[in-house]
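S.K.: got a predicted structure plus its sequence, pasted below:
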Amino acid sequence: MQTNPGAAVRRSGAPVALLAILLVSAVLAPDDRAQGAGDPDAPPPAATAWAWPVDSARIVQAYEAPAHRYGPGHRGIDLRSGTGDLRVSAPADGTVAFAGAVAGRGVLTIDHGDGLVTTLEPVDTALVPGAAVAKGAEVGTVAIGGHTAMGALHFGVRRHGEYINPLLLVGEVPRAVLLPCC
């Protein structure tokens, strides 16, 4: 009786081919969660130019990204109106997610969809959670409290839970300047 020596060793290549297809698909498939992760200095894909939340905004304290999630930094920008106007407006269309006191200061949080959420503080507002707001609509007035200087507004933005520089949304990201090292 003659046997084929390779017959016992021969296996179907189907499982290997299936595994290869799955691996390639996983690598090439877009990951919706990854759009919010990554570089916090990259503009959000759905972001169009937002409005400044105060009139003639002047930055009194810049955004300072923390080295890690719980590290020190300034997770937003502090603004003062160049005209002295204390009215605060919505930087983009959205829905009020929170309006109330936190640590003795008024806080207004607006959910803009696509994982983008802004926080404005200190703010006096009559808005309630669930209220719709339009870009540029008045949402309150600058109040007193918190870490900001008198008459200044803290403007923070989170994308999928991670803080990003609000300047990315108002189209005002300053260009990097390289300085001589030695």
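M.R.: Perfect, I can see it now. Please read all numbers here as calculations on a predicted model, not as lab measurements. Numbering: from 1, shown residues only.
S.K.: give the next helix or strand downstream of the worst-scoring helix or strand of the chain on mean pLDDT.
M.R.: Every helix and strand in the chain was compared by mean pLDDT, DSSP states H and E; the lowest is helix 14-28, with a mean of 52. Next in sequence after helix 14-28, counting helices and strands by DSSP states H and E, comes strand 57-61.
S.K.: ok, that next one: who's next to it in the sheet?
M.R.: strand 77-81 (antiparallel) (DSSP bridges).
S.K.: I figured residue 148 was touching residue 78, is that so?
M.R.: Yes. With contacts defined as C-beta atoms under 8 Å, residue 148 counts as touching residue 78 at a distance of 4.9 Å. Backbone N, C-alpha and C define where each C-beta goes, glycine included.
S.K.: what is in contact with these two at once?
M.R.: 60-61, 154 (C-beta atoms under 8 Å, 6 or more residues apart in numbering).
S.K.: which of these tops the neighbour count?
M.R.: residue 154 (25 neighbours; other C-beta atoms under 10 Å).
S.K.: for it, what are its contacts?
M.R.: Residues near residue 154 by C-beta under 8 Å, 6+ apart: 76-79, 119-122, 146-148.
S.K.: and it, what are its bridge partners?
M.R.: Beta-bridge partners recorded for residue 154 (DSSP bridges): residue 78, residue 121.
S.K.: same thing with the one 5 residues further on?
M.R.: Partner residues in beta bridges with residue 159, using DSSP bridges, are residue 116, residue 162.
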